[in-house]
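Engineer: I need the structure of the sequence given here:
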Amino acid sequence: MRLADLRTPALVLDRAVLTANIAAMSARAKSFGIDLKPHMKTSKCAEIARLATDGHSGGLCVSTVEEVRYFAREGFRDITYAVGIAPGKLADLGPALDAGARVTLLLDDPATARAVAARAGALDLRFPVLIEIDSGMHRAGLPPESPEILEIGRVLADASHLTPAGVLTHGGQSYGARGPEDCRAAAEDERRAIVAAAETLVGAGIPCPRIAPGATPNAVHMASAEGLTEIRPGNYVFYDLHMVSIGACRPEQIAISVLATVIGHNRARNQMVIDAGALALSLDASAQHRLPEAGYGWLCDAASRGRLGDLRLGRLSQEHGVVTSDRPLPFDDLPIGARVRVLPSHSCMTAAAYPAYHLVEGGETVVDRWERTNGW
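Structural biologist: Sure thing, here's the model as predicted:
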């Protein structure tokens, strides 16, 4: 099969770029002497997870109950559900435990910890539990100096069906970085915060075997891993224009793109329309904060993936993508029916619109189709 055979919009994955990204992050973790437990919320794909965990412990992180169950069915045995757990979701994790997986949970509230301990006991389900630390993103988690960290640790240590597994954080403030130096600073803030929390637990005699930061920009640029046991980046397998905008990667490292068809010309307004809109690409335009010319995605040649001048998506509606440029558009070079590829602003959001990846090698040759899981 070739790209020309695909119905558009279609999600395309460049195998060579993917494997290079994975190899680079694997080598980086090994250079620090720590484990790599990749976050699979970006790709949600067993084939990619096998590549990303190769050469490491085999553990991975996920964001939904469906991902827990999917990866357990696919044979993964060390799964961290890296979103705060509610007691009502524990029963849904039972099938993964029955399949032989160890599912590690995440908590950041003492009352919830007690409720989860009671519910796990009632269900006779056993879970290791990480305590979530806020290292600067201010989304979830406890400040490293919070006395509630020890309170949760003691609940876990005393529970019959829960065990202390360590601490976890996501220094996602780096997504607002202005460049590599900001990413390095965020990585160090993340490291210091989580190590301090771990030291508090260990000092009180509570085991803390895992000290687990996350965030791709931090993993790319961190200067020290002292005190850490692992890293948990996710976006790095694909990257995107947002990562380009903050200096976490180069455009040629973006592994996914959306294949689209030119369906309209408007020479008077210097606009083209493609059949990939908000439902195919998402309305996430976060790359524009640091890279105004990113728009909702860059247009590239379908075969070579070379960027087409400064062509970008300036506006999206549900099924329409409006192509704009600061120069006259090349209408004759991109007639109605021509195929283009769009590099996304946010790969996690874009990939979520599709059931599978079409793998390409050597330009236009589609060599495989890899399914992904979606939903919650």
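Engineer: pLDDT on stretch 55-66, on average?
Structural biologist: Here the mean pLDDT over stretch 55-66 is 98, rounded to a whole number.
Engineer: Buried residues, that stretch. List them.
Structural biologist: For stretch 55-66, the neighbour count (16 or more other Cβ atoms under 10 Å) marks 56, 59-65 as buried. For every residue, glycine as well, the C-beta is placed using N, CA and C.
Engineer: contacts for it?
Structural biologist: The set of residues that contact stretch 55-66 without belonging to it, under Cβ atoms under 8 Å, 6 or more residues apart in numbering, is 26, 29-30, 35-41, 49, 52-53, 68, 71, 76-83, 89, 92-93, 214, 230, 232, 234, 373-376.
Engineer: what stretches of the stretch 201-350 of the chain score poorly on pLDDT?
Structural biologist: By pLDDT under 70, the stretch 201-350 of the chain contains no weakly predicted segment.
Engineer: Which stretches in it count as strands?
Structural biologist: Remark: strands assigned in the stretch 201-350 of the chain by DSSP state E, counting those that start in this stretch are 210-212, 230-231, 256-266, 271-274, 297-301, 307-316, 321-324, 339-344.
Engineer: which among the contacts of stretch 55-66 end up buried?
Structural biologist: The buried subset of the contacts of stretch 55-66 (16+ other Cβ under 10 Å) comprises 26, 29, 35-41, 49, 52-53, 68, 71, 76, 78-83, 89, 93, 214, 230, 232, 234, 373.
Engineer: So for the one helix or strand T163 maps to, what gets flagged as buried?
Structural biologist: When secondary structure is defined using DSSP states H and E, the element that contains T163 is strand 162-169. Along strand 162-169, the positions that meet the burial threshold by neighbour count (16+ other Cβ under 10 Å) are 162, 164-169.
Engineer: So which of the contacts of stretch 55-66 are in strands?
Structural biologist: Among these, the members found in strands (DSSP state E) are 35-36, 78-81, 230.
Engineer: ok, the residues you listed vs R192, which is closest?
Structural biologist: For these, the minimum distance to R192 (Cβ to Cβ) is 16.5 Å, reached by E230.
Engineer: OK, contacts around the residue lying farthest from the centre of the chain?
Structural biologist: With Cα atoms, centre = their mean as the measure, the chain has its most outlying C-alpha, relative to the mean C-alpha position, at A268: 40.3 Å. For A268, no residue counts as a contact, taking Cβ under 8 Å, 6+ apart as the criterion.
Engineer: Next one: it from P328, what distance?
Structural biologist: In this structure, A268 and P328 are separated by 12 Å, where distance is defined by Cβ to Cβ, to the nearest Å.
Engineer: Helix, strand or coil: sort out the closest residue to H161 other than its chain neighbours for me.
Structural biologist: For H161, the nearest residue in space outside its immediate sequence neighbours is A120; the separation is 3.9 Å by Cβ to Cβ, 6 or more residues apart in numbering. Of the three states, A120 takes helix according to DSSP: H, G, I helix; E, B strand; the rest coil.
Engineer: could you list every residue that touches A120?
Structural biologist: If a contact means Cβ under 8 Å, 6+ apart, then A120 has 90, 126-127, 159, 161-162 as its contacts.
Engineer: Provide a PyMOL selection command restricted to the buried entries of the residues you listed.
Structural biologist: Selection of buried members from the contacts of A120 for PyMOL, criterion 16+ other Cβ under 10 Å:
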select buried, resi 90+127+159+161+162
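Engineer: so how far is the longest helix belonging to the chain off the chain centroid?
Structural biologist: When every helix of the chain is counted residue by residue (DSSP state H), the longest turns out to be helix 180-203. When distances are taken as Cα atoms, centre = their mean, to the nearest Å, helix 180-203 is centred 20 Å away from the chain's centroid.
Engineer: which ones are touching the nearest residue to E190 once chain neighbours are set aside?
Structural biologist: The spatial neighbour of E190 that comes closest, neighbours along the chain excluded (Cβ to Cβ, 6+ apart), is G171 at 3.2 Å. Under the criterion of Cβ under 8 Å, 6+ apart, the contact partners of G171 comprise 135-137, 186-187, 189-190, 193, 213-215, 218.
Engineer: ok, now with 6 Å
Structural biologist: With Cβ atoms under 6 Å, 6 or more residues apart in numbering as the criterion, the residues that contact G171 are 135-136, 186, 190, 215, 218.
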